[in-house]
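Colleague: structure for the following, please:
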Amino acid sequence: MPNHRNQTPNWQPIRQLPLIVRMIDDGLVDTVKQYETLQQASSRPHVLV
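Modeller: A predicted model of the protein is given here:
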């Protein structure tokens, strides 16, 4: 397991903000889709094995 306390931030210029926002938005969309998939499987947990 990596030790995150000793890592230095990878600073980005402010002009990269739209890219960073898009990456966060895409990650959120993917997470919501995965959550919805798992919700559908909650009544049938045997399908996740």
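
Colleague: CA only for contacts and neighbour counts going forward, please
Modeller: OK.

Colleague: residue 11 and residue 39: what is the separation?
Modeller: Applying CA to CA, to the nearest Å, the value for residue 11 to residue 39 is 37 Å.

Colleague: likewise residue 46?
Modeller: Counting by CA to CA, the gap from residue 46 to residue 39 is 13 Å.

Colleague: neighbour count: these two, which is higher?
Modeller: Taking other CA atoms under 10 Å, residue 46 and residue 39 do not tie; residue 39 has more neighbours (12 against 8).

Colleague: and the more buried one, which of the three is it?
Modeller: Of the three states, residue 39 takes helix under DSSP: H, G, I helix; E, B strand; the rest coil.

Colleague: cool, residue 12 as well?
Modeller: Once three-state DSSP is applied, residue 12 turns out coil.

Colleague: same question, residue 25
Modeller: helix.

Colleague: any idea of the pLDDT on the residue nearest the centre of the chain?
Modeller: For the chain, the residue nearest the mean C-alpha position is residue 27 (4.3 Å; CA atoms, centre = their mean). pLDDT, residue 27: 98.

Colleague: could you check how far it is from residue 34?
Modeller: Taken as CA to CA, the span from residue 27 to residue 34 is 11 Å.

Colleague: any regions of this structure where pLDDT drops low?
Modeller: 1-2 (pLDDT under 70).

Colleague: now with 80, please.
Modeller: 1-5, 48-49 (pLDDT under 80).
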